[in-house]
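K.L.:
Need a 3D model of the sequence below.
(one chain, ligands or ions: 1)
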Amino acid sequence: MPNQICCVCGKEGVKSIARRWFCAEHFESATHERPGSWRAILALVVVLIVFVGVVYGLDALIKPQFNPFTLMLVGVVLALVPAAIWLVFFYQQDRLEPEPAGYVLGVFALGALLAAAVGTPLLNNVFRVSHWLYADTLTTIVGSILVVGFTQEFLKYAAVRFSIYNSGEFDEPTDGIIYATAAGLGYATVLNVQFVIANGGVDLGAGVIAMAVVALAQASFAGITGYFLGRAKFGSNPIWWMPLGVTLAAVANGLFNWLRGLITHPAISLTGSAASPWLGLILAAVVAAGLMGLLVWLIRRNIKSALATQ
Ligand SMILES: [Zn+2]
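P.N.:
Model prediction:
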């Protein structure tokens, strides 16, 4: 008789899903849905849009005056808001079966670190994407997928795969999406802080919209990889499984970047430049909510089929 040990903790396995064995405790967690994690993503989408509306409205009404230092400071604080919203709602929803706060923050920090230390230097200084990415439509689509998309999505994947993934705390399929979202928001936070610093501060109204778009997009595409990571840990999958996950995330990332440029670029916008940044935000919110719905459906279907084969 083969060794039937739990693939999460190494104790004696009692039940199996797709040829992986689980102890009673980890079979329970591997077939658990964690609705709190979905609510946290939905709250991020809704609260972020409300927040953007409030900042945009206040900026237009009060027209606050800043010196270069305070403008930069306000911009950097705004860059931190999306991740803070998600973390607050995540912990509020996650009280019943909490993920350890240190791990979620740790993966967030790792996503941020990889963006600052590898992603941005690679894209700006090695590939020098700003010099050629927007040359023509085909270059934009292919470059956004193969260069920008793969770099960003691989680094977010690495932030989860080579840290928490190997730990016993990664004990539910949904954990892949939770930790990948944290890595994606870490990555987005660095992109947004760099955006503020590079521009010496941002126009608050337009800046807060742009930063919300980056946060929603980076978190959503990381969620695709996170779904594949969750399946990879709790089932036996073919060798192309994880490359497929990162590739789908990179394709979504690249197509989004192209589409967003298309609808928010003032020169080709049909609705006038004032409204166009909002179209980017609407696109990002629809993509984030749609991807979340798809992932909820897939995870529910997987759990159902795992329980049915018992
Ligand atoms: Zn176990």
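K.L.:
Only C-alpha atoms from now on, for both contacts and neighbour counts.
P.N.:
Fine.
K.L.:
so where's this protein shaky on pLDDT?
P.N.:
1-3, 94-97, 265-275, 310 (pLDDT under 70).
K.L.:
who in this protein is up against the ion?
P.N.:
Residues of the chain lying close to the ion (CA under 5 Å from the ion) are 6, 9, 23, 26.
K.L.:
among the residues you listed, which are in strands?
P.N.:
Here DSSP state E is the test, and the residues of the chain next to the ion give no hits in strands at all.
K.L.:
In CSV: those residues, plus neighbour count.
P.N.:
Below are the residues of the chain next to the ion laid out as CSV (neighbours: other CA atoms under 10 Å):
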residue, neighbour count
Cys6, 21
Cys9, 16
Cys23, 20
His26, 22
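K.L.:
From those residues, pick the one nearest Asp59.
P.N.:
The closest of the residues of the chain next to the ion to Asp59 turns out to be His26 (CA to CA; 50.3 Å).
K.L.:
who touches that closest one in this structure?
P.N.:
6, 8-9, 171 (CA atoms under 8 Å, 6 or more residues apart in numbering).
K.L.:
which one among these gets closest to Arg231?
P.N.:
Asp171 (11.2 Å).
K.L.:
Residue nearest the middle of the chain, spatially speaking?
P.N.:
In the chain, the centroid-proximal residue (CA atoms, centre = their mean) is Ala219; its distance is 1.6 Å.
K.L.:
Next up, identify which helix or strand that one is on.
P.N.:
Taking DSSP states H and E as the definition, Ala219 sits inside helix 204-233.
K.L.:
after that helix, next one along is what?
P.N.:
Next element after helix 204-233 (DSSP H and E): helix 241-264.
K.L.:
CA atoms only for that next one, dumped as CSV, please.
P.N.:
Output of helix 241-264 as CSV, limited to C-alpha atoms (Å, rounded to 0.1, in the frame of the first residue of the first chain):
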residue,chain,number,x,y,z
TRP,A,241,-0.6,24.0,-15.5
MET,A,242,1.3,26.8,-13.8
PRO,A,243,2.8,28.2,-17.1
LEU,A,244,-0.7,28.3,-18.4
GLY,A,245,-1.9,30.3,-15.4
VAL,A,246,0.9,32.9,-15.6
THR,A,247,0.4,33.1,-19.4
LEU,A,248,-3.4,33.8,-19.0
ALA,A,249,-2.6,36.5,-16.4
ALA,A,250,0.0,38.1,-18.7
VAL,A,251,-2.4,38.1,-21.7
ALA,A,252,-5.1,39.7,-19.6
ASN,A,253,-2.6,42.2,-18.3
GLY,A,254,-1.4,43.1,-21.8
LEU,A,255,-4.8,43.3,-23.4
PHE,A,256,-6.1,45.5,-20.5
ASN,A,257,-3.1,47.8,-20.9
TRP,A,258,-3.8,48.2,-24.6
LEU,A,259,-7.6,48.6,-24.2
ARG,A,260,-7.2,51.1,-21.4
GLY,A,261,-4.8,53.2,-23.6
LEU,A,262,-7.3,53.1,-26.4
ILE,A,263,-10.3,54.3,-24.3
THR,A,264,-8.5,56.9,-22.1
